[in-house]
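A.B. asks: turn this into a structure:
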Amino acid sequence: MSDSSTTNVVAKPQPQISPGTEPFWEHAKQEELFLPFCEACQKPFYYPRRWCPGCFSQNLSWRKMTGKGRVYSFSVIHQSPLPSYQQEVPYVLAIIELDEGPRMMTNVLDCDVNTVHVEMVVEVTFQVRGDIKIPQFRPCN
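C.D. replies: Numbering: from 1, shown residues only. The predicted model follows:
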């Protein structure tokens, strides 16, 4: 018999970590934003994969990003389709353009959703989910 006073908490989705994404998540645990870097194109890219999306080279390394960027586009979510996010509405889902160029889909945290705007300067922050940390962004002060 279940206790009716117990709240059912639905866990947020966890990433599927593969050999190609493992360095990204290992650095995130240390609260560092590292992205794959194409040695042929001399450009970082996101999302992590085993080849460059620009030239298809597999000559890749990992580089630390500054963690700074700007809101490229965003939406305020008022009804979450995922039960694990329903307690957090409204929240901001955004595409952040990093200072180094790549764009990341993520959330903007630690601010009033009505203050978020295109070109807003943001910085990376890390949200703990179990034994991993998820890169998210917040306004720069």
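
A.B. asks: got any ranges where this protein has weak pLDDT?
C.D. replies: 1-10 (pLDDT under 70).

A.B. asks: mind running it again at 80?
C.D. replies: 1-10, 141 (pLDDT under 80).

A.B. asks: which stretches in it count as strands?
C.D. replies: 34-38, 43-44, 60-64, 68-77, 91-98, 103-108, 121-129, 132-139 (DSSP state E).

A.B. asks: reformat those as TSV; add distance to C52.
C.D. replies: Glycine gets a C-beta too; all of them are placed from N, C-alpha and C. Listed next are the strands of the chain as TSV, based on distance: least, C-beta to C-beta, whole Å:
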stretch	distance to C52
strand 34-38	4
strand 43-44	8
strand 60-64	7
strand 68-77	21
strand 91-98	16
strand 103-108	16
strand 121-129	23
strand 132-139	21
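
A.B. asks: so which of those comes closest to W51?
C.D. replies: Nearest to W51 among these is strand 60-64; the distance by C-beta to C-beta comes to 7.6 Å.

A.B. asks: now do that closest one: everything it contacts.
C.D. replies: By C-beta atoms under 8 Å, 6 or more residues apart in numbering, the residues outside strand 60-64 that reach it are 23-24, 27, 32-39, 44, 50-52.

A.B. asks: next, count neighbours for the closest residue to K12 other than its chain neighbours.
C.D. replies: Spatial nearest neighbour of K12, chain neighbours left out: S84 (4.4 Å); criterion: C-beta to C-beta, 6 or more residues apart in numbering. The local packing of S84 (other C-beta atoms under 10 Å) involves 13 other residues.

A.B. asks: swap in the one 10 residues further on?
C.D. replies: Other residues near A94 come to 26 when the count uses other C-beta under 10 Å.
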